[in-house]
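Novice: After the sequence you'll find the predicted model.
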Amino acid sequence: MKVRVSILAGIGALLASSFLINGTALAADPYPNKPITLVVPFAAGGPTDAVARLIAIPMGKSLGQTVIVENTVGAGGTIAATRVARSAPDGYMVFIHHMGMATAPALYKKLQFDPMKDFEYIGQVVDVPMVLLGRKNFPPNNFKELEAYIKVNKEKVTLANAGPGAVSQLCGLLFMSREGVELTTVPYKGTGPALTDLLGGQVDLLCDQTTQTVPYIRDGLVKTYGVTTPKRLSALPNIPTLDEQGLKGFDVKVWHGMYVSKGTPPAVLAKINKALNAALNDPEVKTRLAESNIEIVPASKATPAGLKDHLEAEINKWGPVIRKAGAYAD
Ligand code: MLT
C-alpha cells in the first residue's frame, strides 16, 4: 500500500511538475512569440500586395512581432488559399484575399479548400474601386473612341488580367459581355506585372484596382476610359464612370478579407482582429489608402461575423452568375 501511495505521489508530482513546466512555458510564450506570415495570393507589386504591406507594419506593432508578407501566387489565389487552409491553426499564417474567395467555389472544378469550412474569419479589410485603363499610346482617347475601336479591331486588342478568379478577369469579362465583343485576354500572376506591361506598352487594356494606378493616371502614363463604380471617385473626379458613359449599372468594387486556418483559438483570433483594427485606424494607413480612393470598412465589418456573413452572401451571389455563364477554371 505504501509503495502504491508513493507511486501515486510520484505520478502526482510528475504531473504537477509537467503542468508547472507547461504553465510556465505558456505564461512565457503567449501568442505571438515569433514572426507571423501574411500570405498574399497574387504577385508582389500588385494591389493586394500593396494593401498587405501597408497594414503589415502597424499590425506587427500591435502584435509585438514582425509580420512578414509572403506571395504565394497562381490560380486566381486558390493556391495560397489551399496553403493557408492546410496550415497549423496557431495564428502564425494569416491570409488576405479579395472577393476571389467567394467566386472560387463556382469557378474552380477541383477546389482544394472550402471557404466556409476551412477558415476562421478575422474581418473585412478594405473596398477598392477599379478603373479601365489603356496603354499610353493606345489609339482610342476616350470611352466612345474605345467602343468604336474594339468593334473594328477586336481580334488584335489585348486585355490583361490576373488569371481565373482575379477581379481584373471578372471586370474584363463584364466589360466584354456588355460590349458584346471577345478580346484576346492575357493572364498574369497578378495585376502588378500586368500593370508593368501596360506601362511598357506590351498589352492594350487592363481593368485594375485604384491601389497603384492613381499616380499613373494623374501623370498621363496610361489612358483612362472609366471607373467601375456607379459614382465618380474623389481621388479621380474628372474620370467619368462607365455607367454614365453608357454601361448602365456597371458596378464593380473589390472587397477584401483576412483569414486564418480553421481551429485557431479564439484568443488568438481576437489578438489578430485587434491588430487589424489598429492598422485600419493608423493615421498613416488611412492617408495612404485615401490617396488611392480605397475605403476602410466600418468597424462592424472588420469583425469575424462581418466577414463570414459577407463571404457567405457573396458566394450565394456569384455562384449562380458564374454557373449560368458556364465559366470554369481547372
Ligand atoms: C492583385 O493583387 O494582383 C489583384 O488583386 C489581382 C486581381 O484580382 O485582379
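Specialist: On my side now, so go ahead.

Novice: near the ligand, which residues of this protein show up?
Specialist: 42-43, 46-49, 98, 162, 166-168, 190-192 (CB under 6 Å from any ligand atom). Backbone N, C-alpha and C define where each C-beta goes, glycine included.

Novice: From those, which land in strands?
Specialist: The members of the residues of the chain next to the ligand that map onto strands under DSSP state E are His98.

Novice: Helices - which of the residues of the chain next to the ligand land there?
Specialist: Secondary structure from DSSP state H places 47-49, 167-168, 191-192 of the residues of the chain next to the ligand in helices.

Novice: re earlier: take the residues of the chain next to the ligand and lay them out in JSON lines including distance to Asn277.
Specialist: As requested, the residues of the chain next to the ligand are exported to JSON lines (distance: CB to CB, whole Å):
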{"residue": "Phe42", "distance to Asn277": "24"}
{"residue": "Ala43", "distance to Asn277": "28"}
{"residue": "Gly46", "distance to Asn277": "24"}
{"residue": "Pro47", "distance to Asn277": "21"}
{"residue": "Thr48", "distance to Asn277": "19"}
{"residue": "Asp49", "distance to Asn277": "21"}
{"residue": "His98", "distance to Asn277": "19"}
{"residue": "Ala162", "distance to Asn277": "28"}
{"residue": "Ala166", "distance to Asn277": "27"}
{"residue": "Val167", "distance to Asn277": "24"}
{"residue": "Ser168", "distance to Asn277": "29"}
{"residue": "Gly190", "distance to Asn277": "27"}
{"residue": "Thr191", "distance to Asn277": "27"}
{"residue": "Gly192", "distance to Asn277": "27"}
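
Novice: now the residues of the chain next to the ligand as TSV including pLDDT, neighbour count and distance to Glu179?
Specialist: Converted to TSV, the residues of the chain next to the ligand look like this (pLDDT from 0 to 100; neighbours: other CB atoms under 10 Å; distance: CB to CB, whole Å):
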residue	pLDDT	neighbour count	distance to Glu179
Phe42	95	31	26
Ala43	95	20	28
Gly46	95	30	25
Pro47	96	30	24
Thr48	97	31	27
Asp49	97	23	30
His98	97	25	24
Ala162	93	30	21
Ala166	93	29	20
Val167	95	29	18
Ser168	95	29	16
Gly190	94	25	25
Thr191	94	32	21
Gly192	94	23	26
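
Novice: just the residues of the chain next to the ligand now: which is nearest Asn293?
Specialist: Pro47 (11.7 Å; CB to CB).

Novice: Contacts only, for that closest one.
Specialist: Pro47 makes contact with 128, 191-192, 208-209, 211-212, 254 under the criterion CB atoms under 8 Å, 6 or more residues apart in numbering.

Novice: that older thread, which single one of the ones in helices among the residues of the chain next to the ligand is nearest to Ala235?
Specialist: Pro47 (14.1 Å).

Novice: rewinding a little: can you pick the most crowded of the contacts of Pro47?
Specialist: Using other CB atoms under 10 Å as the neighbour test, the contacts of Pro47 are led by Thr191, with 32 neighbours.

Novice: just the strands in the stretch 201-330 of the chain please.
Specialist: Under the criterion DSSP state E, counting those that start in this stretch, the stretch 201-330 of the chain contains strands at 205-209, 222-227, 253-261, 295-296.

Novice: How is Gly172 assigned, secondary-structure-wise?
Specialist: Assigned state for Gly172: helix (three-state reduction, DSSP: H, G, I helix; E, B strand; the rest coil).

Novice: and it, how many neighbours?
Specialist: 22.

Novice: For it, give its distance to Gly246.
Specialist: 17 Å (CB to CB, to the nearest Å).

Novice: cool, and Arg232?
Specialist: According to CB to CB, Arg232 and Gly246 sit 15 Å apart.

Novice: Next: Ile55.
Specialist: Distance, Ile55 to Gly246, by CB to CB: 37 Å.
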